[in-house]
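Visitor: With the sequence up front, the predicted model follows.
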Amino acid sequence: MTQQTLFSESNEDRPYVKGELNRMIFHNEAEHFSIAAITVSETNEDTDVDSLVIKGHFSPLEEGETYIFYGQFRNHPKFGLQYEVEMYNRVLPETKDGLIHYLSSDLFHGIGKRTAERIVDQLGEQAISFILEDRAALDKVPKLTKEKADQLYNSLKEHQGFEHVMIHLSQYGFGLKLSQKIYEVFKDQTLAIIEEDPYQLVFKVEGFGFHRADEMARMQNLSHDHPTRLRAACLYMMQKSMSAGHTYLPTEECLVQVDQLLNTGLEASISFDQLSEQIIHLGQEKYVYIEEERIYLPTLYFAENGFCRNIERILEGELETQHTQADLMKIIGSIEEEEAMSYGEDQFNAIEKTLQSKLMILTGGPGTGKTTVIKGIIQSYAELNDVSIDPEDYDSDQPLPFVLAAPTGRAAKRMTESTGMPASTIHRLLGWDGHEQFERNQNNPLEGKVLIIDEFSMVDIWLANQLFRAVPSGMQVLLVGDEDQLPSVGPGQVLADLLASEQLPSSKLTEVYRQKEGSKIIQLAHEIKNNQCTAVSLAKEHDFNFIPARENQLADIVTHIVKKAIDKGINLRELQVLVPMYRTEVGIHKLNSEIQRVVNPKSKQKRDIQFNDQTYRKGDKVIQLVNQPEDGVYNGDIGEIVAIFREEENVDGVEQVVVDFDGKEIVYPKKDLNNVMLAYCTSIHKSQGSEFSIVILPVVRSYKRMLRKNLLYTAITRSKQSLIICGDRNAFLEGVKSMDTNLRYTRLKEKLQEKVVPEAPENEEEELSPYDFM
Ligand SMILES: Nc1ncnc2c1ncn2[C@@H]1O[C@H](COP(=O)(O)OP(=O)(O)OP(=O)(O)O)[C@@H](O)[C@H]1O
């Protein structure tokens, strides 16, 4: 390689392509993903192409500048030869004229041709290296003001900085994307910080794991008991505990876990005293909060305390409306007459208690009448307070007194259908901006008189805190849920803790009404709930069947059932295969491909597109995997691929997939396809809050690790009309007897009971980033 680059020392043997950048074709800001066209001037690869499309995770580059790109050729099935860039750097001008041209270009504000000439005359062809090595080099240039010299130095550093950092980071095996992320945090301090203390990456770069930093530290011979290593290990363990659903870790537990992580027997062991000292240090730096013998990550500490304070505030408020039991009896009587039904005793009590409470919890398994009670509450409240229940009678000046919401879009939709009232997701209700901010908070609270939240078991401590801070005193709140379902995916077990604290009024509905209509599914759910499920419970009924299947037959049997249902005219949206695991031979990915092959096979009439290992085809059922509030689609929403566009068929010049989510069409450029996946088969966790006419539930031994009572209970209660379990009967029966032993460390119950929550922090804003870690 003959060209001069600033930082080419470690890359001499790497394959490269050098060329002038003609034009940026595409750039995605969030992903730092770019596509560009170059004219090739030199390469050590076996090729004679003279123009090339390059792509990779880099920021927009300067058109007209020459770069050297390290990476590899890829033969794209449709677009032919492309270069996948792993690393790049700008090629410095090789001649005196080129250097003058470069320094006097628009990149360097305030440097004209004459000044550039003086710089090159004074410092020679290595001018840029000299300047970057030592800013004082510029002092030798005649007639260059200090201000201009500073400006030039800073711009040079900015332009060259990232490339320089990226090349150094590549020796640790970091790709462009991660390098960008690190550079954004540390800027030109990156290399100095990393060389001095790679563990800073764990503290400052979101998602950067301890083990990676540890490897870097080892290359730099940092001692195994270096304080920053111990601190990073503790913080890493705390972050892991959050993913496991804990809101805190007991100090002892944290010490034991960090000890297991660090004391591998290779070096002199690190004592608990050394670790404790560093935990205290982390506390002083506010990376953690220490509360007696408990260690919290800040967001969880603020969320748990904030939630408690808001509960206390709401409970201390005044009830705006009072009524006598006689009034209520009269109104209930007329509702019963109108609806031609009579409320059970526990249902009546639940309605009465809710109307008399500032904050109330309603629980019950499937078919016990939770929805019936919600409707009864709305009707009774309206009658008692002489307000209309017709949403049309309200507008922005006079908002609806009833505010209904649920954690998922599907659950909110069901709420709307069953109550006739508008309901939204909790995120939407709170005006979430998709990142960290919620429009609704204590300064801009919710409007309305009665707030009803369904599927509350799914709400984690962050969302609970955000929701409750936006509840004005005087608004009555009803939380509805099924305590036997899985806890929230995020940290905490809010519903279970609220119930266990016994500090709030609550009603538990136990009588099953839908069973009276002959539902085996509901009977089975209650048998599981009450630990009464036996082989007899699995006998065939009109709405239930257990089909025995060996593991190697499972995929065939499941696809056969799905196909048969579709042939009978059942809508794919109404039928769901639910599986607990993704990556086994009978996991979600495998079953999805198998089902796709049968129900939406390859065909000349249907376009498809490959992304990672997945084929997406027109007509496929897909599920959204992340929240995209700007487009109004959320994690868990189900849609259908309605169109696939080729690169040349749209103005953006990239392949696109269009998904229809209940009438809302969202366009995904190909590279964003990891935001959706096939949804013929989805995880039981993702099905929380959704219901389907038909559920097919494979249960085999290889899922054993996941087979727990609350998981299977959640799965079967998703089905409304038909449930087909197939697989191993004993694995199912053992599963429904296995309790979830994954204890979650939370302090909500005790805090509510002991009423010892610390005052709100002076800077309330500190509380405003619970989603930082998500
Ligand atoms: N008191 C009652 N008398 C007669 N039928 C009732 C009564 N309460 C509820 N039902 C009926 O029982 C069925 C289940 O009630 P509902 O949908 O309110 O329960 P749910 O707890 O919300 O159920 P799920 O959680 O499964 O949706 C409905 O068909 C409802 O009409």
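Guide: Sure thing, it's come through. Fair warning: this is a prediction, and the values are worked out from it, not measured in the lab.

Visitor: I'd like to know how many residues surround residue 92.
Guide: Applying other CB atoms under 10 Å, we find 20 residues neighbouring residue 92. For the C-beta atoms, the positions are set from N, CA and C on the backbone; glycine is no exception.

Visitor: Go ahead and produce CSV holding the CA coordinates of the helix or strand that contains residue 723.
Guide: Using DSSP states H and E, residue 723 sits in strand 719-727. Listed next in CSV are the C-alpha coordinates belonging to strand 719-727 (Å, rounded to 0.1, in the frame of the first residue of the first chain):
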residue,chain,number,x,y,z
SER,A,719,-58.0,-19.2,24.2
LYS,A,720,-61.7,-18.3,24.0
GLN,A,721,-63.3,-21.0,21.9
SER,A,722,-60.9,-23.9,21.4
LEU,A,723,-57.8,-25.2,23.0
ILE,A,724,-55.6,-27.9,21.5
ILE,A,725,-52.7,-29.1,23.5
CYS,A,726,-50.3,-31.5,21.8
GLY,A,727,-47.3,-33.2,23.0
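
Visitor: Let me know whether residue 357 touches residue 450 as I believe.
Guide: No. Counting by CB atoms under 8 Å, residue 357 does not reach residue 450; the two are 10.8 Å apart.

Visitor: Give the residues shared as contacts by the two.
Guide: residue 476 (CB atoms under 8 Å, 6 or more residues apart in numbering).

Visitor: Looking at these two, which one has more neighbours?
Guide: residue 450 (21 against 18).

Visitor: Please report how far the more buried one lies from residue 196.
Guide: Taking CB to CB, to the nearest Å as the measure, residue 450 falls 57 Å from residue 196.

Visitor: Can you pull the residues of the stretch 201-350 of the chain lying near the ligand?
Guide: Contact residues, the stretch 201-350 of the chain versus the ligand (CB under 6 Å from any ligand atom): 341, 343, 344, 347.

Visitor: switch the cut-off to 8 Å
Guide: 341, 342, 343, 344, 347 (CB under 8 Å from any ligand atom).

Visitor: Now do the longest helix seen in the chain, average pLDDT.
Guide: The longest helix of the chain (DSSP state H) is helix 146-170. The average pLDDT for helix 146-170 rounds to 80.

Visitor: show me the contacts for the residue of the chain most remote from its centre.
Guide: What lies farthest from the middle of the chain is residue 142; by CA atoms, centre = their mean that is 56.3 Å. Taking CB under 8 Å, 6+ apart, we find residue 142 in contact with 118, 122.

Visitor: what ranges of the stretch 1-150 of the chain fall below the confidence cut-off?
Guide: 1-12, 29-32, 78, 94 (pLDDT under 70).

Visitor: meant to ask about the chain, not that
Guide: 1-12, 29-32, 78, 94, 265-268, 435, 515-517, 741, 761-774.

Visitor: For it, what lies in contact range of the ligand?
Guide: The chain comes close to the ligand at residues 341-344, 347, 364-375, 414, 418, 482, 509, 513-514, 516-517, 522, 691, 717, 720, as judged by CB under 8 Å from any ligand atom.

Visitor: Which members of these are positioned in strands?
Guide: Assigned to strands by DSSP state E, the following of the residues of the chain next to the ligand qualify: 364, 509, 720.

Visitor: and the closest residue to the first one other than its chain neighbours, what is it in contact with?
Guide: I take that to be residue 364. Spatially, and ignoring its direct neighbours in sequence, residue 364 is nearest to residue 509 (3.2 Å; CB to CB, 6 or more residues apart in numbering). Residue 509 is in contact with 344, 346, 347, 350, 362, 363, 364, 365, 368, 369, 370, 373, counting by CB under 8 Å, 6+ apart.

Visitor: Test my guess that residue 715 contacts residue 684.
Guide: Yes. The criterion here is CB under 8 Å, and residue 715 meets it with residue 684 at 4.6 Å.

Visitor: got any residues that touch both of these two?
Guide: Jointly contacting residue 715 and residue 684 under the rule CB under 8 Å, 6+ apart are 578, 580.

Visitor: May I have the secondary structure class of residue 558?
Guide: Assigned with DSSP: H, G, I helix; E, B strand; the rest coil, residue 558 falls in the helix class.

Visitor: For the ligand, see how far away it is.
Guide: 25 Å (CB to the nearest ligand atom, to the nearest Å).

Visitor: need the contact list for that residue.
Guide: With contacts defined as CB under 8 Å, 6+ apart, the neighbours of residue 558 are 577, 591, 594, 595, 681, 696, 698, 726.

Visitor: same check, this time on residue 668
Guide: 656, 657, 658, 659, 675, 676.

Visitor: what about it, distance to residue 609?
Guide: 10 Å.

Visitor: same question, residue 491
Guide: In this view, residue 491 and residue 609 are 37 Å apart by CB to CB.

Visitor: What are the structural domain limits within this structure?
Guide: Domain assignment of the chain by the TED database yields the ranges 14-170, 222-296, 305-509, 520-727.

Visitor: which one of those lies closest to residue 212?
Guide: domain 222-296 (10.4 Å; CB to CB).

Visitor: Residue 259 reaches residue 270, doesn't it?
Guide: Yes. Here residue 259 reaches residue 270: they are 7.3 Å apart, a contact under CB under 8 Å.

Visitor: more crowded one of the two?
Guide: The residue with more neighbours, out of residue 259 and residue 270, is residue 270; 19 against 16, by other CB under 10 Å.

Visitor: if I read this right, that one contacts residue 262, doesn't it?
Guide: Yes. Contact between residue 270 and residue 262 holds when scored by CB under 8 Å: they sit 5.4 Å apart.

Visitor: Which residues are in contact with each of the two?
Guide: In terms of CB under 8 Å, 6+ apart, residue 270 and residue 262 are both contacted by the residues 224, 230.

Visitor: SS state for residue 173?
Guide: Classified using three-state DSSP, residue 173 is coil.

Visitor: Tell me how many other residues crowd it.
Guide: 10.

Visitor: quick one: contacts for residue 93?
Guide: Residues near residue 93 by CB under 8 Å, 6+ apart: 99, 101, 102.

Visitor: now do residue 286
Guide: Residue 286 sits next to residue 298 when contact means CB under 8 Å, 6+ apart.

Visitor: is it true that it lies in a strand?
Guide: No. Going by three-state DSSP, the assignment for residue 286 is coil, not a strand.

Visitor: Quickly note the distance from it to residue 220.
Guide: Residue 286 is 27 Å from residue 220, by CB to CB.

Visitor: Please apply the same query to residue 634.
Guide: For residue 634, the distance to residue 220 equals 43 Å [CB to CB].
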